[in-house]
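[1] next one to model:
(one chain, ligands or ions: 3)
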Amino acid sequence: MGSSQKQHHKDTNCVRVRVHGPIIVGAGPSGLATSACLTQQGVPSIILEKSDCLASLWQHRTYDRLTLHLPKQFCELPLLGFPQSFPKYPTKRQFVSYLESYASHFSIQPRFNQAVRSAGYDNVSGFWRVETQDSEYISRWLIVATGENAEPVMPDIPGINKFDGSVVHTSSYKSGFEFKNQRVLVVGCGNSGMEVSLDLCRYNAIPHMVVRNTVHVLPREMFGISTFGIAMALAKWLPLRLVDKFLLLVANFILGNTDRIGLRRPKTGPIELKNVTGKTPVLDVGALSMIKSGKIKVMEGVKEITRNGAKFVDGQEKEIDSIILATGYKSNVPTWLKGCEFFDKDGMPRTPFPNGWKAEKGLYTVGFTRRGLQGTASDAVNIAKDIAQQWRPINNSNSCNSHVIQLKET
Ligand SMILES: Cc1cc2nc3c(=O)[nH]c(=O)nc-3n(C[C@H](O)[C@H](O)[C@H](O)COP(=O)(O)OP(=O)(O)OC[C@H]3O[C@@H](n4cnc5c(N)ncnc54)[C@H](O)[C@@H]3O)c2cc1C
Ligand SMILES: NC(=O)C1=CN([C@@H]2O[C@H](COP(=O)(O)OP(=O)(O)OC[C@H]3O[C@@H](n4cnc5c(N)ncnc54)[C@H](OP(=O)(O)O)[C@@H]3O)[C@@H](O)[C@H]2O)C=CC1
Ligand SMILES: O=C(O)C(=O)Cc1c[nH]c2ccccc12
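    Ligands and ions are numbered 1, 2, ... in the order given. Purely as a prediction, here's the structure:
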């Protein structure tokens, strides 16, 4: 990994590490992809990861039955594809094993248990100072790879604190096993809400899924071809409006009119909506037929949670045993990156795709495109090329490509 020099700070006992290459924050797919692309360009880097493993979202914060939604060719990281033996839609275990082989192939060794608490640009020295609980890392380049899904969104629903049963976010949900035979309120109808509701059905639980708004549901495949693949192919030739028209025509043919089962479609088409707002269409893997058969109950917005149930905006009241919040995720960048105008208050780059990867003064972002792993791959390649151009003139005279240099601690 990146070459660095280590010093003990006398007053605080904090270790100060001078890093020669870029500092990457986050060892998810985005951090790994960027590190690999930098390595290929001859630039060393270090990754700081708050958790104890790589891809912690996939390893610790997703449910057991999760598989990729898009066919594998749309989820590969740059430079090293999936093994041929993988199925079209790899499972999360396969995806994690791919990421582990990826890291090992490029000799990427993230520094685990390093939660970045603050980072800021020092105008005087021209370096980024990045603080974790026990160290300060200093570099010319900082790459933000903490992801769009860094923290769960926990909505403040009236009365939720009075509820007697358990309340969990989908990021802590593993399987319906713990909810056997229960009446469960699932708040939210994105891909997580739909898939958790489907999983609950497999354990004889009765999911009541809250749909407060409009939602696009598309079949995962159309006539044996992935819907996402069809959309990407058509988008090369046709305006997005027409692509969406085609997708909706076929979706309505395959799924029927989803309005009739309480899933009203937004006015804007599914791909245009994803591009403009980031809202991902639901790619159906079975929940829709459970809704049609009444096993998943669709409810309107929640008005209030009571000790043992929920009141809905249409006046209905239901007793429930547990609540699962499928309310999505948010970036955590505003909590640690200081004095930076590049990110908005939600921790997303203000500059839209495909140009949001480069900020100013050696700051970069990877994986904030709202375009899944394809967006990550595009950012990672761009960042590595850009930093390599700055790296070569500085380091041609004085080769610094060796691995970590541990200087004697002072
Ligand atoms: C359930 C689910 C399924 C998905 N499925 C798909 C799919 O099939 N296809 C697709 O293209 N996309 C999918 N996505 C989108 C998803 O965002 C990407 O798959 C991918 O995980 C993004 O990678 P990332 O590295 O940007 O973020 P993450 O995977 O979230 O990794 C960020 C890393 O940064 C670390 N971190 C955060 N804050 C700090 C800090 N302050 N200091 C140090 N480390 C920190 C985290 O611990 C984490 O390890 C899915 C998302 C979810 C939630
Ligand atoms: N197999 C796969 O590949 C999977 C992929 N994913 C991906 O992970 C990402 C996150 O998905 P997901 O976790 O579903 O999050 P999303 O942000 O996509 O969906 C959140 C849902 O919660 C609803 N919601 C939020 N707050 C409230 C509230 N206070 N009351 C009622 N409803 C509320 C939203 O409704 P509203 O629209 O009204 O705001 C929306 O329906 C997406 O990109 C998704 O595609 C997730 C699961 C599986
Ligand atoms: O980002 C996600 O959550 C995905 O599941 C991948 C994804 C990226 N772009 C899309 C457009 C339509 C459906 C899924 C995706």
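[2] between the two ends of stretch 96-113, what distance do you get?
    Start and end residues of stretch 96-113 are separated by 19 Å (Cα to Cα, to the nearest Å).
[3] what lies in contact with it?
    1, 27, 29, 31-32, 35-36, 39-40, 46-55, 58-59, 77, 79-80, 82-83, 86, 90 (Cβ atoms under 8 Å, 6 or more residues apart in numbering). Heads up, the C-betas are built off the backbone N, CA and C, glycines and all.
[4] so which of these are also by ligand 1?
    Restricting the contacts of stretch 96-113 to those touching ligand 1 (Cβ under 6 Å from any ligand atom) yields 27, 29, 31, 48-51, 55.
[5] which ones among the contacts of stretch 96-113 map onto helices?
    Using DSSP state H, 29, 31-32, 35-36, 39-40, 58-59 are the members of the contacts of stretch 96-113 that sit in helices.
[6] pLDDT on stretch 146-160, on average?
    Averaged across stretch 146-160, pLDDT comes to 98.
[7] typo on my end, it should be stretch 36-52
    For stretch 36-52, mean pLDDT is 98.
[8] so for that stretch, first residue to last residue, what's the gap.
    So stretch 36-52: terminal residues 20 Å apart, Cα to Cα.
[9] wait, Cys37 sits on Leu80?
    No. Look at Cys37 against Leu80 with Cβ atoms under 8 Å: they stay out of range, at 10.8 Å.
[10] who has more neighbours out of the two?
    A direct count of neighbours by other Cβ atoms under 10 Å for Cys37 and Leu80 places Cys37 higher, at 26 against 14.
[11] below-threshold pLDDT in the chain: ranges please.
    Along the chain, segments meeting pLDDT under 70 span 1-3, 9-12, 397-410.
[12] can you name the residue of it nearest to ligand 1?
    Closest residue of the chain to ligand 1, Cβ to the nearest ligand atom: Gly28 (2.0 Å).
[13] residues touching that residue, list them.
    Contacts for Gly28 (Cβ under 8 Å, 6+ apart) come out as 54-58, 145-147, 367.
[14] now a ChimeraX select for only the buried ones of those residues.
    Selection of buried members from the contacts of Gly28 for ChimeraX, criterion 16 or more other Cβ atoms under 10 Å:
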select :54,55,56,57,58,145,146,147,367
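[15] how about TSV for the contacts of Gly28, with distance to Gly347 added?
    Below are those laid out as TSV (distance: Cβ to Cβ, whole Å):
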residue	distance to Gly347
Leu54	21
Ala55	20
Ser56	18
Leu57	15
Trp58	20
Ala145	13
Thr146	8
Gly147	10
Gly367	12
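[16] contacts with ligand 3 among the contacts of Gly28, please.
    Among these, ligand 3 is touched by none when using Cβ under 6 Å from any ligand atom.
[17] out of the contacts of Gly28, which one sits closest to Trp357?
    Nearest to Trp357 among the contacts of Gly28, counting by Cβ to Cβ, is Gly367 at 9.3 Å.
[18] didn't that closest one look like it was pressed against Ala27?
    No. Using Cβ under 8 Å, Gly367 is not in contact with Ala27; the gap is 11.7 Å.
[19] intersection of neighbour lists for the two?
    Joint contacts of Gly367 and Ala27 (Cβ under 8 Å, 6+ apart) are Ala145.
[20] check which helix or strand covers Asn275.
    helix 270-277 (DSSP states H and E).
[21] what are the buried residues along that helix?
    So, applying 16+ other Cβ under 10 Å, buried residues of helix 270-277: 270-271, 273-275.
[22] TSV for these, including distance to ligand 2?
    TSV is the format used below for the buried residues of helix 270-277 (distance: Cβ to the nearest ligand atom, whole Å):
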residue	distance to ligand 2
Pro270	12
Ile271	13
Leu273	10
Lys274	9
Asn275	13
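[23] go back to the residues you listed and keep what's next to ligand 3.
    Among the buried residues of helix 270-277, proximity to ligand 3 is found for Lys274 (Cβ under 6 Å from any ligand atom).
[24] ok, which pair from the buried residues of helix 270-277 is furthest apart?
    Pro270 and Asn275 (9.8 Å).
[25] can you list the residues of the stretch 1-150 of the chain near ligand 3?
    69-70.
[26] OK, contacts around the residue of the stretch 251-400 of the chain found nearest ligand 2?
    Closest residue of the stretch 251-400 of the chain to ligand 2, Cβ to the nearest ligand atom: Gly328 (2.7 Å). Contacts for Gly328 (Cβ under 8 Å, 6+ apart) come out as 152-153, 188, 190, 192.
[27] for the protein, which residue gets nearest to ligand 3?
    Of all residues in the chain, Gly372 sits closest to ligand 3, at 3.2 Å by Cβ to the nearest ligand atom.
[28] helix/strand/coil for the closest residue to that residue other than its chain neighbours?
    Counting by Cβ to Cβ, 6 or more residues apart in numbering, Leu70 is the residue found nearest to Gly372 once chain neighbours are left out, at 6.8 Å. Following DSSP: H, G, I helix; E, B strand; the rest coil, the label given to Leu70 is coil.
[29] mind checking how far Leu70 is from Leu248?
    Applying Cβ to Cβ, to the nearest Å, the value for Leu70 to Leu248 is 19 Å.
[30] what about those two, which has more around it?
    Leu70 (19 against 15).
[31] what's the burial count for Arg93?
    Arg93: 13 neighbours (other Cβ under 10 Å).
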